[in-house]
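Engineer: how would this look folded up:
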Amino acid sequence: MSDIETTVEPTRRSRTSGIDRALQIFDHLQRVEQASTAYEIARGIGAPLSTIYAIIDDLVDKDLLNRDANGLIWLGPRLYHYGLTYARHVDLLGAATQEMHELARLSGETVQICGRDQDMMVVLAMEDGSGHFNVSSRVGSRSPLNWTASGRLLVGHLPDEELLGIFKRSARVSPTGRAETDPLVLADNAREALAQGFSIQAGESDFAVACIAAPIRDNRGACHATMSIVVPESKVHADLIALVKDSAKRVEMRLGWTHGS
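Structural biologist: Predicted coordinates:
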């Protein structure tokens, strides 16, 4: 008998679990956005029809799926109630604030969450960075939309006529004199910024101060708020842009917002 003990590791299960199959069914129905037959679901997720029949029957019994008189399968009422409970505990500012703290930690810079108050941009939440760079705008402070990177993003989804009207009545000359005031140019800039997923303002409202902002958009693509970093103008670089965009995207994911970009 050998003195060397042989350890045989258990074979990892390769079969898809029932929970995974249930999630695949939910994901398929969400993707196609219409009631489907069991055969269509099985074909869509590449699973044996007999397996899908059994899982669907179980989920229907638990009200997680619904089967109509024609045998078509759709999401069940129990999922709706779960969604309502989740929605009550997750709101935009709450989700964004969690990401704000993380972005401040990763970047070491001052981070702001900004929103729109009619024709003005307002700072909704803020966390100072670990450095010595001081930011003059605090929570509750308001600025004309044309002075800020966030301001452009917050209105970039609006129809052309409404967008142009906002800038016609709200554009103001900034303290540095560098902020754009032409409504047509501002409207174009707003649409372009939203399309590219970020906006940069440098020295437009304060000398030597820059802001990098990314939009937080709902399922229709409307911008409800922005995540932004305020830094010295000399510190604007691609890594910070990527951090801000990723942070805003995670807020959207927390809220279940997908707008196809």
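Engineer: For the rest of this, base every contact and every neighbour count on C-alpha atoms.
Structural biologist: Will do.
Engineer: Please compute how far the lengthiest helix in the chain lies from its chain's middle.
Structural biologist: Among all segments of the chain classified by DSSP state H, the helix with the greatest residue count is helix 238-255. For helix 238-255, the separation from the chain centroid amounts to 7 Å (computed by CA atoms, centre = their mean, to the nearest Å).
Engineer: Next: stretch 30-41.
Structural biologist: Using CA atoms, centre = their mean, we find the averaged C-alpha position of stretch 30-41 to lie 26 Å away from the chain's own average C-alpha position.
Engineer: what's the answer for stretch 191-211, then?
Structural biologist: Taking CA atoms, centre = their mean, one finds the center of stretch 191-211 at 19 Å from the center of the full chain.
Engineer: how many other residues sit next to Ile212?
Structural biologist: For Ile212, the neighbour count with other CA atoms under 10 Å is 27.
Engineer: secondary structure class for the nearest residue to it once chain neighbours are set aside?
Structural biologist: Nearest residue to Ile212 in three dimensions, chain neighbours excluded: Ile200, at 4.7 Å (CA to CA, 6 or more residues apart in numbering). Ile200 carries the three-state label strand when classified by DSSP: H, G, I helix; E, B strand; the rest coil.
Engineer: Ile200 against Ala214, yeah?
Structural biologist: No: under the criterion of CA atoms under 8 Å, Ile200 is not in contact with Ala214, lying 9.0 Å apart.
Engineer: Between those two, tell me which one has more neighbours.
Structural biologist: Ala214 (32 against 18).
Engineer: what about Lys235, distance to Arg138?
Structural biologist: Distance from Lys235 to Arg138, counting by CA to CA, to the nearest Å: 21 Å.
Engineer: So for the two, which sits in the more crowded spot?
Structural biologist: Set side by side, Lys235 and Arg138 show more neighbours around Arg138, with 15 against 11, by other CA under 10 Å.
Engineer: That one against Val123, yeah?
Structural biologist: Yes: checked against CA under 8 Å, the pair Arg138 and Val123 is within contact range at 6.7 Å.
Engineer: Contacts only, for Ile73.
Structural biologist: Ile73 makes contact with 35-38, 65-67 under the criterion CA atoms under 8 Å, 6 or more residues apart in numbering.
Engineer: now Asn70
Structural biologist: With the criterion set at CA under 8 Å, 6+ apart, Asn70 makes contact with nothing.
Engineer: ok, of the contacts of Ile73, which come out buried?
Structural biologist: 35-36, 38, 65-67 (16 or more other CA atoms under 10 Å).
Engineer: coming back round to it: contacts for the longest helix of the chain, please.
Structural biologist: Outside helix 238-255, the residues touching it (CA under 8 Å, 6+ apart) are 90-92, 95-96, 99-100, 103, 107, 197-198, 212-218, 226-229, 258.
Engineer: same question, stretch 116-127
Structural biologist: Applying CA under 8 Å, 6+ apart, the set of residues contacting stretch 116-127 is 97, 100-101, 104, 110-115, 137-145, 148, 150-151, 154, 166, 170, 224-225.
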